[in-house]
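> could you work out the structure for the sequence below:
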Amino acid sequence: MWCLFEVFYTGRHTGSLPIRGEASTKAMLHEDRFLLLLQHRRLSRDQHFAKPAFETETTEFRSCEVAGAAAAAGLSLADVAAEAKCASEVMGTMGVALSVCTLPGQVTSDRLGPEKMEVGVGIRGEPGAAVVDLQQVNAIITRVLNQILSTETGYVPITRGDRVVLMVNGLGATPVMEIMIAAGKAVPKLQLEHGLAVDRVYTGSFMTSLDMAGFSITIMKSDKSILQRLDAVTKAPNWACCC
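Numbering: from 1, shown residues only. The predicted structure is shown next:
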């Protein structure tokens, strides 16, 4: 699907999304906002993981972090959009939920039964690609990483020997301890099983789904330019340092 995502540079940030607020007016072309058209893919339930099901919002978040840093550096609107597009093309995200989020004013869905979890879940409560039996965290991490980095689908241009950035994002009701456990399992698997060098690890609840229990994993191919953007100083209060 194509998702139109607005990035506001007004000195504010809304909700828990840590968009950079101090971005340069040079990148706005006399506008108080600009639009980024980012391409994201989603998997329907009946495709049986022909391609990964990606939680698009976390991918948007990483692209916006790069875009915000580029704008703050004084790049033109065209260059900012180009950097955001490049960033979105080298990352993949997949979410796993142990519960369905409660949407205000609606009855909570009962599609997720006892001892079940949902893989490829949407952050707004959309059904995921599959409902499977509850698994231990080690098995869950293995499944998610294998799906994102599958050489058969070639969904993201990441291969052995590459350098990557990892984000483990809590979906709302996941304790910090459990997020850290997931990150602790993911890093050595990326290094030893997939042959990747991990340059940065970000953990926390960056993009949540109300009271959903679960997490998403984002893997992004890194290079000097990407790391420069991610490491740029920002006043956004909810943007945590890497661990």
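
> got phi/psi on the closest residue to residue 129 other than its chain neighbours?
Leaving out its chain neighbours, the residue that sits closest to residue 129 by C-beta to C-beta, 6 or more residues apart in numbering is residue 120, at 3.4 Å. For glycine as for every other residue, the C-beta is placed from the backbone atoms N, C-alpha and C. Here is the backbone geometry of residue 120 (degrees, to the nearest 10): phi 80, psi 30.

> residue 120: neighbour count?
26 (other C-beta atoms under 10 Å).

> just checking, it touches residue 131?
No: Residue 120 is beyond contact range of residue 131, at 10.0 Å (criterion: C-beta atoms under 8 Å).

> my read is residue 160 is in a strand, agree?
No: with DSSP: H, G, I helix; E, B strand; the rest coil as the criterion, residue 160 is coil rather than part of a strand.

> so it is in contact with residue 192, correct?
No: with contact defined as C-beta under 8 Å, residue 160 does not count as touching residue 192 (11.2 Å).

> can you give me the strands in this structure?
In the chain, the segments counted as strands under DSSP state E are 2-8, 33-39, 91-97, 116-119, 130-133, 163-170, 197-204, 214-221.

> reformat these as a markdown table; add mean pLDDT.
What follows is these, written out as a markdown table (pLDDT from 0 to 100):
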| stretch | mean pLDDT |
| --- | --- |
| strand 2-8 | 28 |
| strand 33-39 | 35 |
| strand 91-97 | 93 |
| strand 116-119 | 93 |
| strand 130-133 | 92 |
| strand 163-170 | 96 |
| strand 197-204 | 95 |
| strand 214-221 | 95 |
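
> next, the buried residues of stretch 202-211.
Of the residues in stretch 202-211, 202, 203, 204, 205, 206, 207, 208, 209 count as buried by neighbour count, 16 or more other C-beta atoms under 10 Å.

> ok, now which ones touch the spatially closest residue to residue 110 that is not a sequence neighbour?
Leaving aside its sequence neighbours, residue 110 sits nearest to residue 100 (C-beta to C-beta, 6+ apart; 7.9 Å). Neighbouring residues of residue 100 by C-beta atoms under 8 Å, 6 or more residues apart in numbering: 108, 109, 110, 111, 112, 118, 125, 212.

> quick one: which two of those residues are the most distant?
Farthest apart among the contacts of residue 100 by C-beta to C-beta are 110 and 212. That separation is 14.6 Å.

> can you report how many residues lie near the closest residue to residue 99 other than its chain neighbours?
Spatial nearest neighbour of residue 99, excluding adjacent residues (C-beta to C-beta, 6+ apart): residue 213 at 4.2 Å. Using other C-beta under 10 Å, residue 213 has 19 neighbouring residues.
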